[in-house]
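[1] Can you look at this prediction? I've put the sequence above it.
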Amino acid sequence: MRSYFFVVGGFFMMLQGCRELYNPEVFAENLGILVVEGYLDTEGNPSQLKISRTVPLSYDSIASPESGALVALSSDSGESFQLQEISPGLYQFEKDIDEESRYRLEIVLSNGDRYESLELKPIRTPEILEAGFVKDEDGVEIFVNTQGNEQADDFLWTYDETWIFRPYTQVGYIFDPMINDVRDRKEVEQIYTCYKTEPNPGILLESSSRFQDQVVFRQTITEIPTGNERLQARYSILISQMAIPSDAVAFWETLKRNTEDIGSIFSPLPSLISGNIVSVDGDKQVVGQVNLGVVRQHRLYIDREEISPWPYSNEIFFGCVVGPEPILIGTIEIFQYFGSGAYLPAQAFMGDGPVPAPGILGYYPTEVRCGDCTLYADITKPDFWEDE
Amino acid sequence: MNIFTRGILLILCLVSGLSYAQQTPNRISGFYPGVPFERFMEKIEEETTYRFFFKESDIKDLTVNLQANNDKLEDVLSQIFLPTDLKFSISKTGEVFISKGQKLTVDFPDSFFAQNEENQSEGMTSAQDEFVRNRRYVIGVPSGEGTTAKIRGQVLSLENSKPIQGAIVYDKITQAQTITNPEGRYELTVPKGNQTILIQNIGGYTEQRLVTIQGDGELNMSIGEGVFSLSEVVVRSGALTNISRPEMGVQSLSVQQMRKLPSVMGEVDILKGILTMPGVNTAGEASVGFNVRGGAADQNLILYDQNTLFNPSHLFGFFSSVNSDMVQGVELYKAGIPANLGGRLSSVLQVTPKLGRTDKIGGSGGIGPLTSRLSVEGPIGSKTTFIVGARMTYSDWLLDYLEDKADIGASRAFFADFNGTIQHQLNEKNILRFTGYYSEDEFQFDPDTVYSYSNQNFALSWTHYFNDQVEATFSAGQDGYDFQVQGEDNPLNSYRYNFDIRQRFVKAQFRQEKGDRHIFSYGIHSIWYDLNPGEIAPFGAESIVIPDDVAAEKALETSLFFGDEFEINEKLTVTGGLRYNLYGYFGPQTLPEYAPGQPNLPENIIGEKNYASGELAKSYHGPEFRFSGRYALTNWSSIKGGVNTMRQNIHLMSNSSVMTPTDTWKLSDPFIKPQRGIQYGLGYFHNLKNNSVEFSAEVYYRTMENLLDYRSGAKIVLNDRIEQDVLVTKGKAYGLELFLRKSTGKLNGSVAYTYSRSLMQTDPSEQKEQINRSEWYPSNFDQPHNANLVLNYELSRRINTTLAAKYSTGRPVTLPVAKFEYGGSERVYFGDRNSVRIPDYFRLDFSVNLEGNHKVKKTAHGSWSFGVYNVLGRDNPYSVYYIPEEGTLQGYKLSIFAEPIPFVTYNFRF
């Protein structure tokens, strides 16, 4: 029976394979290949073009923006539209342009290197027909429905997520150094409702011609597993839908495959990425795909009540309590606990007799990490945010 | 499981108990650890009817150091006397005469009382005769003409009376030799007079027959097939054929040899055996596809008898799809491919199926933890024999059991294969044979997606002997392969994707002897291809997936071939062959027309052309030359040279580094041209120590045209116009193969070393994309240094241990050289194609084979085989890759068998 056990173990290993960390040689040489990314909106909504350079794999940071470039979109009718650098490496385009014209993006770097795109043809992206969500035992799935047409067959979706992030407990009081005492917390001083934002890291592609009448039905945008913090209160997702030409599909698929698909036993070989940007003066390598068109967006909100029950508990609040003993007003502990900033006065203590005391006798403390959402997220409500 | 195991153990105990109860008289058993020879003789005389006669001074200092298990006295004595010059003779009545230097003649020649008898045959009864080796046969009628005579006959297996193919029959003095054909027949010209004819069966014991040649005659022989072997080798091409046959680069492997090799999960694997040969390598452990002399995996033609196996693997490549119980042997042609075979660029792997035994119904099988197999064979009447076999896995119970212990997801795997052969002898001149093969595989890694594939093959062949010189085989059959992927992730998007290929073939092949010096082989081979390159359909009523398919492809390939093996003189033999290949791609088909001189890209399409059903859309034709020659330097050494060209009209489309079950095949069309290749080779072959040590050195250089590589981001599945993604690529490969083998003695084995390179280059005229700026780059399986060691030590006749080691340079991979942010995530930028290598590969395996006792008459013969795969537990990387994890890029290496994997299998035959 012993040998059976070993054989069983062997087969298990065989199926699982064995994955180990591996960092063969550090590719320290800095190739600094130019990277260009952007989908420019043709209806005048602000859209950005990002120009950066590659960094060696050994670098901790991947930020290597390319500042000071002159970027312009020129049409076949001779018009030229400049892009403005709004932050290092980020160039903004904000112009309503003719969608029937053909365009070319021209980039002149600060060191004089010149790059340009192949001919660009704006695509009028069809509207998002519907964006919604469904809940099943695994969690919540967010989807869109849309319909392609002759001009717009392939779609690319991106999304940004924002959600209300709450600490373990609401803190109703605040230690005010001006009065050297605890007082009621004002609305503007609240630390209970913060907003956490994450851009989406994935690439979603679908070709509408695969489906009847080019209807893309229930295209999954993202899936939120049951109990995830995103749906602890109110959640918002901005879905951007862009129609792209087929050469862009090839580019994005290569990018996606090179990063996301490599690693299983039957994975395809990585392939070279290029795109539709070329070096004007010859042989400089460049990675980039720029497209023109209309970005269709849809913002969706989901409240926790809509998907209840949603069992949520966050491990970063493990060990959080309110109390257990109240800190009484007038004692030295008020300063030690709340004046030092180590604890927050979470709830009032009104005495423990059958009849509440006429005034507050003290405060139940809680650790700062359990009551202050600003440690984890942004207290400022985003401009777009709509409450129920 | 408990009850099951105990049940088996119980049955095993019963069987072995029964067999121990039998004891053949006059067999020797016992353990003699250095006892004096005199004491040994006393013991034998006590236990048997043998009586010894000897001179005391001759045997004074001789000691016996061996373990015998129901062995023949001759074998035991031969072993004891090996280091001495003592000889022995045994009379029919059991008197053993020991003499020094010269052997005593103890019996009259059998033919003493039967002079002038023309034919000598050993019937089944005389085959059992203990003295058959020392008996002198008289062949032919004395005649004054000539100094040589021709003897012919049939070599049969002693155990099951089946003809033995590929045995070498040779004369001890002149070394004149021949090889038995599939019916076990041979013909040999020898000088008249007293001669010793030796019969060497591959993987078996060398038998001898003493003959007095008076004239032409017949000598039929029954010889043991390895059960009694003292001197078995693990991997070998026939020792003498090594230096004498004109072709080079041919390797043979018998099932007995494969059985000794350590294997994954104890399942004897013909393809893994092939991998111990020089010049054969594999890109990864989970891949049954193998690479021969720098060629891709799809450039190997795998023939099961006459049938082509499109997918030779089970369970994503961990097992080969041929049941080893149903195989007689395999032969791999790395070069020197005869003119009657063709269709692939690199090699031909000929798997010869077993034929049913003629004496009685019997069978064999094996029980392992994951798989079991059973085959039954025997005669039906006197003219017909059959063999059928099945193999199946029951790994699901293991997976179920594991599911509680570890998170292996919803992985499921199942496979099975069935095959059979029926042979019917119509009369002396006509033999009919039917062969069938079917395999099925199904596996899934998650509950929603099921992969399955299946091979289906059958063939009928008719062999006709026109006369002594001319024989012909006519065959017809069909080879099929299909696979399916069924996705049920979401009822709306559920789909079913499938691929299938059918090829129907007819082949007529003639073999003609012309005089003493020519052997012609000629014929015609036609294949009709019917290929469905891919089809996706909605699955289930709710699905809104649009059905899509790539138009079916049809083609006819016809080859005419002629070959001649010409013995110019004793020293020089040449074989030459010409194969003319005609290929037509037929409608119905709609093909685009690209602007002349422009790359095959969508923007260059200027029109479209429709071809009606049966209308020729494109044809290719061209000759293939096969030439090789051997010049014998001495009796023990020769040099060989050869050049051959090959054409391949069917291509495997694969964008991953190994052969995978979902790779599809594609026929040559107006845009995808047939692959062509030429190979030059030169070799030196030398045998030492009476053929017990073989050495060979071969060099080769080959070039290949019209290979396929793919544009970046190429999509292969459901691609209507694959020519838009294919890059015309050239290849070249060269190498040196050194091979040393010791085939006898307690310690035997082989060492193989290969230096080889395999390079590719995007054709400079290719306008779509040029990989690595159209410089030469290593192919995915370019592994320059490769070494194999097989050591086999026979502790006793029943216990046999094997140690196998394999080393190779890590295969090339394409690794990231930089990173950047794109689409909100960290991305990697890959460097030049195949510019980095994964770490070197090294593995050590160990196995022990435990034979049951060797009684001929017991009801079943069982053997245990156990061992450890990857003894050192080295985590040989299969692949290296990077994935983003929590925002940063992490490198991983993936190994498949990272731990020592023990195995145990019980094999039996009855």
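    Here it is on my side, so go on.
[2] Show the contacting residues for residue 379.
    Defaulting to chain A. Applying C-beta atoms under 8 Å, 6 or more residues apart in numbering or on different chains, one finds that residue A:379 lies in contact with A:190-191, A:193-195, A:373. All C-beta spots, glycine's among them, are computed from the backbone N, C-alpha and C.
[3] that answer is for a different chain, and I need it for chain B
    When contacts are counted by C-beta under 8 Å, 6+ apart, residue B:379 is found next to B:356-361, B:385-386.
[4] let's go with 6 Å and repeat that
    The neighbourhood of residue B:379, defined by C-beta atoms under 6 Å, 6 or more residues apart in numbering or on different chains, consists of B:358, B:385.
[5] Which strand residues bridge it?
    Each beta-bridge partner of residue B:379 is listed here, defined by DSSP bridges: residue B:385.
[6] swap in residue B:457?
    Residues in beta-bridge contact with residue B:457 (DSSP bridges): residue B:437, residue B:479.
[7] how much space between it and chain A?
    Residue B:457 sits 25 Å away from chain A when distances are taken as C-beta to the nearest C-beta, to the nearest Å.
[8] where does chain A dip in pLDDT?
    Counting by pLDDT under 70, chain A shows low-confidence ranges at A:1-19, A:23-29, A:200-202, A:259-271.
[9] Repeat that for the stretch 251-400 of chain B.
    Residues of the stretch 251-400 of chain B that meet the criterion pLDDT under 70 lie in B:263-266, B:284-288, B:316-317, B:395-400.
[10] In the stretch 101-250 of chain B, mark out all the strands, start to finish.
    Along the stretch 101-250 of chain B, counting by DSSP state E, counting those that start in this stretch, strands occupy B:119-121, B:136-139, B:148-157, B:168-171, B:177-179, B:185-191, B:193-200, B:206-213, B:217-223, B:250-254.
[11] among those, which gets the worst mean confidence?
    Comparing mean pLDDT across the strands of the stretch 101-250 of chain B, the lowest value falls on strand B:119-121: a mean of 44.
[12] near chain B, anything from stretch A:275-292?
    No. Taking C-beta under 6 Å from any C-beta of the partner chain as the criterion, stretch A:275-292 and chain B are apart, separated by no less than 6.6 Å.
[13] send the alpha carbons of that stretch over as CSV?
    The C-alpha trace of stretch A:275-292 is given here as CSV (Å, rounded to 0.1, in the frame of the first residue of the first chain):
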residue,chain,number,x,y,z
GLY,A,275,2.0,47.9,-33.9
ASN,A,276,1.2,50.7,-36.2
ILE,A,277,3.9,53.2,-35.2
VAL,A,278,7.1,53.2,-37.2
SER,A,279,10.4,55.0,-37.0
VAL,A,280,10.7,57.6,-39.7
ASP,A,281,14.4,57.6,-39.9
GLY,A,282,14.7,53.9,-40.2
ASP,A,283,15.6,51.2,-37.8
LYS,A,284,14.5,52.2,-34.3
GLN,A,285,12.3,49.7,-32.6
VAL,A,286,9.0,50.9,-31.3
VAL,A,287,6.0,49.3,-29.6
GLY,A,288,2.7,51.1,-30.1
GLN,A,289,-0.8,51.0,-31.4
VAL,A,290,-2.7,54.2,-31.8
ASN,A,291,-6.3,54.3,-33.0
LEU,A,292,-8.9,56.9,-33.7
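[14] Pull out the buried residues from that stretch.
    By neighbour count, and taking 16 or more other C-beta atoms under 10 Å in any protein chain shown as the criterion, the buried residues in stretch A:275-292 are A:275-277, A:286-292.
[15] ok, which stretches of the stretch 151-300 of chain A are strands?
    If you assign secondary structure with DSSP E, counting those that start in this stretch, the strands in the stretch 151-300 of chain A sit at A:154-165, A:173-176, A:181-184, A:194-199, A:204-207, A:215-225, A:234-244, A:277-279, A:286-293, A:296-303.
[16] and these as TSV, adding distance to residue B:480?
    Below are the strands of the stretch 151-300 of chain A laid out as TSV (distance: least, C-beta to C-beta, whole Å):
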stretch	distance to residue B:480
strand A:154-165	36
strand A:173-176	79
strand A:181-184	82
strand A:194-199	51
strand A:204-207	32
strand A:215-225	37
strand A:234-244	41
strand A:277-279	48
strand A:286-293	43
strand A:296-303	48
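[17] Tell me the bridge partners for the residue nearest to the spatial centre of chain B.
    Against the mean C-alpha coordinate of chain B, by C-alpha atoms, centre = their mean, the closest residue is residue B:330 at 2.9 Å. Using DSSP bridges, the beta-bridge partners of residue B:330 come out as residue B:253, residue B:351.
[18] Hmm, residue B:255 and it touching each other?
    No. Counting by C-beta atoms under 6 Å, residue B:330 stays clear of residue B:255, with 8.5 Å between them.
[19] if I look at the two, which residues touch both of them?
    Between them, residue B:330 and residue B:255 share no neighbouring residue, with contact defined by C-beta under 6 Å, 6+ apart.
[20] and among the strands of the stretch 151-300 of chain A, the most buried is which?
    Compared across the strands of the stretch 151-300 of chain A, strand A:286-293 shows the largest average neighbour count, a mean of 24 (mean count of other C-beta atoms under 10 Å in any protein chain shown).
[21] Check the offset of it from the chain's centre.
    Taking C-alpha atoms, centre = their mean, to the nearest Å, one finds the center of strand A:286-293 at 21 Å from the center of the full chain.
[22] for it, packing partners?
    With contacts defined as 3 or more C-beta pairs under 6 Å, 6 or more residues apart in numbering or on different chains; DSSP states H and E, strand A:286-293 has these neighbours: strand A:34-41, helix A:246-256, strand A:277-279.
[23] so does stretch A:229-245 get close to chain B?
    No. Remark: stretch A:229-245 sits outside contact range of chain B, by C-beta under 6 Å from any C-beta, the gap being at least 11.3 Å.
[24] List the contacts of that stretch.
    Contacting residues not belonging to stretch A:229-245 are listed as A:39, A:123, A:125, A:128, A:131, A:144, A:152, A:154-164, A:166, A:221, A:224, A:291, A:293, A:295-304, A:310, A:312, A:314 [C-beta under 6 Å, 6+ apart].
[25] tell me the domain boundaries of chain B?
    Domain assignment for chain B by automatic domain parsing gives B:1-114, B:250-416+B:428-909.
[26] Mean pLDDT lowest where, among the ones you listed?
    When those are compared by mean pLDDT, domain B:1-114 comes last with a mean of 66.
[27] re earlier: looking at the strands of the stretch 101-250 of chain B, spot the one closest to residue A:68.
    Using C-beta to C-beta as the measure, strand B:250-254 is the one of these that comes nearest residue A:68, at 65.6 Å.
[28] and residue B:723, helix, strand or coil?
    Reducing the assignment to helix, strand or coil with DSSP: H, G, I helix; E, B strand; the rest coil, the entry for residue B:723 is helix.
[29] before we move on, what about residue B:800?
    strand.
[30] Spell out which residues belonging to the stretch 101-250 of chain B are near chain A, please.
    Taking C-beta under 6 Å from any C-beta as the test, the list of the stretch 101-250 of chain B residues beside chain A is empty.
[31] Dump stretch B:832-850 to CSV, restricted to CA.
    Backbone C-alpha positions of stretch B:832-850 (Å, rounded to 0.1, in the frame of the first residue of the first chain) are rendered in CSV as follows:
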residue,chain,number,x,y,z
ASP,B,832,15.2,37.8,-30.4
ARG,B,833,13.5,34.5,-31.2
ASN,B,834,15.2,31.6,-29.4
SER,B,835,18.1,33.6,-28.2
VAL,B,836,18.3,32.2,-24.7
ARG,B,837,18.4,28.6,-23.5
ILE,B,838,16.7,27.0,-20.5
PRO,B,839,19.0,25.1,-18.1
ASP,B,840,20.4,21.8,-19.2
TYR,B,841,18.5,18.6,-18.8
PHE,B,842,19.7,15.7,-16.8
ARG,B,843,17.8,12.7,-15.6
LEU,B,844,18.7,9.3,-14.1
ASP,B,845,16.2,6.4,-14.1
PHE,B,846,16.5,3.0,-12.5
SER,B,847,14.5,-0.1,-12.9
VAL,B,848,14.5,-3.7,-11.8
ASN,B,849,12.8,-6.4,-13.8
LEU,B,850,11.9,-9.6,-11.9
